[in-house]
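In: sequence plus predicted model, see below.
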Amino acid sequence: MIWPLNSKPKYEPLLRDQAQAPSAGGLDLSLRLRRNRKAEWSRKLVRENALSPADLVWPIFLNEGENLREPVPSLPGVERLSIDEAVRAAAEAATLGIPAIALFPNTAPALRDEKGSEALNPENLVCRALRAIKRETPQIGLITDVALDPYTSHGHDGLLRGEEILNDETVFVLVQQALNQARAGADVIAPSDMMDGRVGAIRAGLDAHHFQAVQILSYAAKYASAFYGPFRDAIGTNAILIGDKRTYQMDPANTNEALREVAQDIEEGADMVMVKPGLPYLDVIYRVKDHFGLPTFAYQVSGEYAMIMAAANNGWIDGDKAMLESLLAFKRAGADAIFTYFAPRAAKKLKEIG
């Protein structure tokens, strides 16, 4: 039983003389919450949430080339990697105890078109990277993004007619994209497009082609956020995006709608669900986990990462402490795993501090 702060157990008079109770300014200090915080060993014993490398997913940007590590200026410390370097990064992730990586391509402008055709090429950048990483580090989980924005000339996640994003026509293409990635070795298909009905269609397509074991991580509650800018720099869509994505990504003002989105994706066969962005939407993460209990992921998006890095690089905050505190906030809100560009740095720091 938890006793209210203004009451005492009925047997307290038997334990001590109330008249002799220590006091400060007339206050009864028999209840001292600081006792559990007095030493590090005690703080560890009563800690409610814990963060480990096993909670992290490392998003990796891919680029054509060889022995190439190209910095992303708006994401300090993040680089676009050629496939051979991505293979090395996957091995590093496995060594650090990071269970999975997520792959995002920077597609050459010459390969982009209105239909996102390169998404269906079995020799595209993502598919070649999947095969290469699977050969060298088969124990690492490989998560692939299903959306057309890295491949379209207009920067949208779906097919475009005038200013309209076509839902059903896009879903048909997304199923083909998912199958293309599954054939190349993807363990988890992660549709981030926010088209209606795409999870059910992808699940049916995977099952029909004998990929029943491939999981679906749905970006179920993905908001039309201002925090995606550096990511779009990294995959080369910031400069080409026509208009905005508010007709398919969620309104930042809404939370009940997020529960409806998640419920629909679970009904259609999602194995895990994602809330994106992360820190500005901790309340949504909490509600989703509390309501459904399904494995719930969060994405600490590029803008969140960039803000922490900018403040740290200017000496305004302790970068490592802010990094770990921000990641722990996701666990406290109920997230089971976190996509974060801090993954290797955080894993190293967590191992260092034990």
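Out: Perfect, I can see it now.

In: which stretches of this protein have low pLDDT?
Out: 1-26 (pLDDT under 70).

In: strands of that one, start to end?
Out: Using DSSP state E, the strands of the chain run over residues 23-24, 27-28, 56-62, 69-71, 79-81, 100-105, 141-146, 159-161, 164-166, 188-191, 215-222, 272-276, 296-300, 337-340.

In: would you format those as TSV with distance to residue 262 and mean neighbour count included?
Out: C-betas here are computed from N, CA, C, even on glycine. Converted to TSV, the strands of the chain look like this (distance: least, C-beta to C-beta, whole Å; neighbours: other C-beta atoms under 10 Å):
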stretch	distance to residue 262	mean neighbour count
strand 23-24	49	8
strand 27-28	46	10
strand 56-62	19	24
strand 69-71	36	13
strand 79-81	32	22
strand 100-105	20	24
strand 141-146	17	24
strand 159-161	25	18
strand 164-166	21	16
strand 188-191	13	26
strand 215-222	4	26
strand 272-276	5	26
strand 296-300	9	28
strand 337-340	16	24
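
In: could I get these as a markdown table with distance to residue 201?
Out: As requested, the strands of the chain are arranged in a markdown table below (distance: least, C-beta to C-beta, whole Å):
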| stretch | distance to residue 201 |
| --- | --- |
| strand 23-24 | 66 |
| strand 27-28 | 63 |
| strand 56-62 | 24 |
| strand 69-71 | 35 |
| strand 79-81 | 31 |
| strand 100-105 | 21 |
| strand 141-146 | 11 |
| strand 159-161 | 14 |
| strand 164-166 | 14 |
| strand 188-191 | 9 |
| strand 215-222 | 11 |
| strand 272-276 | 17 |
| strand 296-300 | 21 |
| strand 337-340 | 24 |
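
In: of all these, which one is nearest residue 37?
Out: Minimum separation from residue 37 across the strands of the chain (C-beta to C-beta) falls at strand 23-24, 17.9 Å.

In: re the thing from before, wait, which of the strands of the chain is closest to residue 306?
Out: The closest of the strands of the chain to residue 306 is strand 296-300. By C-beta to C-beta, the value is 10.7 Å.

In: run me through the strand neighbours of that closest one, direction for each.
Out: Using DSSP bridges, strand 296-300 pairs in its sheet with strand 272-276 (parallel), strand 337-340 (parallel).

In: now the ones you listed in CSV, with distance to residue 137?
Out: Putting those into CSV (distance: least, C-beta to C-beta, whole Å) gives the following:
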stretch, distance to residue 137
strand 272-276, 21
strand 337-340, 19
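
In: so which of those is nearest residue 46?
Out: That would be strand 337-340 among the strands paired with strand 296-300, by C-beta to C-beta, at 23.2 Å.

In: shouldn't residue 43 be in contact with residue 50?
Out: No: using C-beta atoms under 8 Å, residue 43 makes no contact with residue 50, being 11.8 Å away.

In: quick one on the thing from earlier: nearest to residue 176, out of the strands of the chain?
Out: Distance to residue 176, taken as C-beta to C-beta, is lowest for strand 141-146 among the strands of the chain, at 10.0 Å.

In: center of the chain - which residue?
Out: In the chain, the centroid-proximal residue (C-alpha atoms, centre = their mean) is residue 299; its distance is 2.5 Å.

In: check contacts around that residue.
Out: By C-beta atoms under 8 Å, 6 or more residues apart in numbering, the residues touching residue 299 are 219, 274, 275, 276, 277, 278, 338, 339, 340.

In: wait, which of the residues you listed is closest to residue 140?
Out: Checking these against residue 140 by C-beta to C-beta gives residue 339 as the nearest, at 14.8 Å.

In: any idea what that closest one is bridged to?
Out: residue 57, residue 299.

In: point out the one among the strands of the chain that comes closest to residue 128.
Out: Among the strands of the chain, strand 56-62 sits nearest to residue 128 (C-beta to C-beta), with 8.9 Å.

In: coming back round to it: what's the closest of the strands paired with strand 296-300 to residue 81?
Out: Within the strands paired with strand 296-300, the stretch nearest residue 81 is strand 337-340; the backing value is 16.6 Å (C-beta to C-beta).
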